[in-house]
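In: 3D model of this:
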Amino acid sequence: LNMDSMKVGGSLLMRDGAEFEEVYLRGAKIGEQISMIDSKFTGKLNMNGMEVGGNLFMRGEAEFKEVTLLGAKIRGQIDMAGSKFRGNLIMALIEVGGNLLMIDEAEFKEVNLLGAKIGRLISMIDSKFTGKLNMTSMEVRRSLFMRGGAEFKEVTLLGAKIEGQIDMIDSKFTGKLNMTSIEVGHSLLMRGEAEFEEVYLRGAEIGGFISLAGSTFNSIDLTETNVHGVFWLISSEYHGIAKWKSNSTMILCNTKTGTLQDSKESWPEHLKLEGFVYSSLGKFYTNEGKDSATRDIAWFKEWLKKQEEYTPQPYEHLAKVLRKSGNVSMAHSILYAGRERERNETATGLYWFWLTLLNYVIGYGYGYRIFFSLIWVIVFGAIGTILARINKEGKERNIVWCIFYSLDLLLPVMKLDERHYKIELEGFARYYFYFHIVTGFILASFVVAGISGLVQ
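Out: Modelled structure (predicted):
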């Protein structure tokens, strides 16, 4: 049936159980609507370049084999609710003024919506896609609904622009979900009891929040993604926490978000956190019974160790956020843990020796650990006191003189008695006190460097 370039002022009705083989409507102009409700098309249905002033109805129990709507313009909506598409559905570069409805247990094989422009929303609620769903560079003025138990194989949203939200609640994605460089005006909902295998969200821009709470993931890559709102890995009891398959991975390299809302169980086995930036930690009570920002320090250390290769940025940023929330001592503990991991896992040679020296002398200069140097003052002060006491000069005086003599030579920041520096001891004690004085200068230098932050 060849209706290429046909012009109809009213409607074109091909409905109510009608049966067709090949139908051509290329370049046709239909003033009102086209209805194919409950009909059957066993061959190619070619509507490339077609213009429809109203709606295109392909719903009910309609069946189609191969359908092409390349570059078509539909001023109203396209309704495919409940229909079966046995072959490819090509809607690349289509323009739809209203909604695109692919709902109510509709079935599709391969669907191509490359460069499509949808004036309102797209709904795929409760439908099944057994082939590739290509929505590359698609533009949707409102929202994209892929929820309600819908099933998908391979989905591509590369460079798509969704001005509203994307809702994938409770659906199943058995193949790759590629949302690289996508722009979402509001929120990305991947929560509920949805299932995902490979998710790529590289370079995405999410205007609202993103929620993974309650769903199951194998891997998700959010490299260089910017989430303006909250990053939810845990929500209310209804949505629960994000769940992960065995040996799963989340990549958050150079990812930016607002508040990070998580819990201990909500993270996968493997993380990549280099460049991950978040403005604050969640301020509600998690299922561990503690405020997210004040949980046990061991929890944070365990979380950071999920990144197998050590890098300093995750430790430094977490410390910055903790310090901002008033947890200064916890921030110092995180920085100390990062330096210890660097010393044990990546440092070699002279650098390892330098870090070891910093650790045991002033604890890298973090918080109360800077007073490690006090222990060394006590140790060397005691050694100096003993050697001074057994020497001729010490024997002629009491133990108190020996203590102050040892401390006076050890601590370069003070001079208790000028005469202490004119005494010449005999034997081994004389040479030890040369070392004693040098050690004092080194300890003092380390303390000053630690307080000023030069070695942190």
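In: For the helix of greatest length in the chain, give me every contacting residue.
Out: Using DSSP state H, we find that the single longest helix of the chain is helix 428-452. Contact with helix 428-452 is made by 358, 361-365, 370, 373, 376-377, 380, 383-384, 387-388, 390-391, 406, 409-413, 424-425, 455-456, as judged by CB atoms under 8 Å, 6 or more residues apart in numbering. The C-beta positions use only the backbone N, C-alpha and C, and glycine is treated the same way.
In: Now go through these and say which are in helices.
Out: Reading helices off the contacts of helix 428-452 with DSSP H, I get 358, 361-362, 373, 376-377, 380, 383-384, 387-388, 390, 406, 409-410.
In: just the helices in this protein please.
Out: Under DSSP H, the chain gives helices at 297-304, 312-324, 328-345, 349-362, 372-390, 392-395, 399-410, 428-452.
In: Confidence-wise, which of these is weakest overall?
Out: Note on the helices of the chain: lowest mean pLDDT is at helix 392-395, with a mean of 70.
In: residues making contact with that one?
Out: 388-389, 401-402, 405, 423, 425-426.
In: repeat for stretch 397-416
Out: Contacts of stretch 397-416 (CB under 8 Å, 6+ apart): 377, 380-385, 388-389, 394, 417, 420-421, 423, 433, 436-437, 439-441, 443-444.
In: cool, and stretch 120-129?
Out: Residues contacting stretch 120-129 (CB under 8 Å, 6+ apart): 77, 96-109, 111, 140-153, 155, 164.
In: Narrow these to those in strands?
Out: 96, 100-101, 107-108, 111, 140, 144-145, 151-152, 155 (DSSP state E).
In: re the thing from before, filter the contacts of stretch 120-129 down to the buried ones, PyMOL style.
Out: Those of the contacts of stretch 120-129 that count as buried under 16 or more other CB atoms under 10 Å are selected in PyMOL with:
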select buried, resi 77+96+97+98+99+100+101+102+103+104+106+107+108+109+111+140+141+142+143+144+145+146+147+148+149+150+151+152+153+155+164
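In: In the chain, which strand is the longest?
Out: Every strand in the chain considered (DSSP E), the longest is strand 243-251.
In: roughly how far out does that strand sit from the chain middle?
Out: With CA atoms, centre = their mean, to the nearest Å as the basis, strand 243-251 stands 13 Å off its chain's centre.
In: other SSEs contacting that strand?
Out: In terms of contacts (3 or more CB pairs under 8 Å, 6 or more residues apart in numbering; DSSP states H and E), strand 243-251 is packed against strand 216-221, strand 270-272.
In: what's the model's confidence in the last one, averaged?
Out: This means strand 270-272. On average, strand 270-272 scores 96.
In: likewise the first one?
Out: Strand 216-221 shows a mean pLDDT of 96.
In: quick check: angle from that strand to strand 243-251?
Out: 0 degrees (axes from the mean of the first three to the mean of the last three CA atoms, to 10 degrees).
In: Which positions within strand 216-221 qualify as buried?
Out: For strand 216-221, by 16+ other CB under 10 Å, it's 216-221.
In: That one pairs with which strands?
Out: Taking DSSP bridges as the criterion, strand 216-221 sits next to strand 195-200 (parallel), strand 243-251 (parallel) in its sheet.
In: Leaving out sequence neighbours, find the closest residue to the residue positioned nearest the centre of the chain.
Out: Taking CA atoms, centre = their mean, the centroid of the chain lies closest to residue 252, which sits 3.9 Å from it. Once flanking residues are discounted, residue 252 sits nearest to residue 276: 4.1 Å by CB to CB, 6 or more residues apart in numbering.
In: hang on, the earlier thing: compare the helices and strands packed on strand 243-251 and give me the one nearest residue 334.
Out: strand 270-272 (15.6 Å; CB to CB).
In: quick one: the residue lying farthest from the centre of the chain and residue 388, what's the gap?
Out: Within the chain, residue 396 marks the point farthest from the mean C-alpha position, 70.9 Å out by CA atoms, centre = their mean. Note on residue 396: its distance to residue 388, by CB to CB, to the nearest Å, is 11 Å.
In: Check residue 244 too.
Out: In terms of CB to CB, residue 244 sits 64 Å off from residue 388.
In: Which of the two has more residues huddled nearby?
Out: residue 388 (27 against 22; other CB atoms under 10 Å).
In: Next, the contact list for residue 8, please.
Out: So residue 8 contacts 28-32 (CB under 8 Å, 6+ apart).
In: let's go with 10 Å and repeat that
Out: Shown in contact with residue 8 (CB atoms under 10 Å, 6 or more residues apart in numbering): 28-32, 34, 52-53.
In: Report the buried members of these.
Out: Taking 16+ other CB under 10 Å as the criterion, what is buried in the contacts of residue 8 is 28-30, 32, 34, 52-53.
In: For those, work out which two are farthest apart.
Out: Using CB to CB, the buried ones among the contacts of residue 8 reach their maximum pairwise distance at 28 and 32, which is 12.7 Å.
In: quick revisit: which residues are in contact with the residue nearest to residue 252?
Out: Taking CB under 10 Å, 6+ apart, one finds 222-223, 231, 250-257, 260, 307, 313-314, 317-318 in contact with residue 276.
In: Tell me the bridge partners for residue 111.
Out: residue 89, residue 133.
In: Surely it touches residue 138?
Out: No: Residue 111 lies out of contact with residue 138 (CB atoms under 10 Å); the separation is 11.1 Å.
In: anything in contact with each of those two?
Out: residue 91.
In: Now rank the contacts of helix 392-395 by neighbours and give me the top one.
Out: residue 388 leads the contacts of helix 392-395 on contacts (other CB under 10 Å) with 27 neighbours.
In: Would you quantify the distance from it to residue 300?
Out: Residue 388 is 47 Å from residue 300, by CB to CB.
In: which residues touch the residue nearest to residue 248 when sequence neighbours are not counted?
Out: Distances taken as CB to CB, 6+ apart place residue 268 nearest to residue 248, at 3.9 Å, with adjacent residues excluded. Contact partners of residue 268, counting by CB under 10 Å, 6+ apart, are 217-220, 242-250, 306.
In: picking up where we left off before, got phi/psi on the residue farthest from the centre of the chain?
Out: The phi and psi values for residue 396, taken as degrees, to the nearest 10, are phi -80, psi -10.
In: Can you give me the pLDDT of it?
Out: If you check residue 396, the pLDDT there is 72.
In: How far off centre is the helix or strand of the chain with the lowest mean pLDDT?
Out: The helix or strand of the chain with the poorest confidence is helix 392-395; it has a mean of 70 (mean pLDDT, DSSP states H and E). Taking CA atoms, centre = their mean, one finds the center of helix 392-395 at 68 Å from the center of the full chain.
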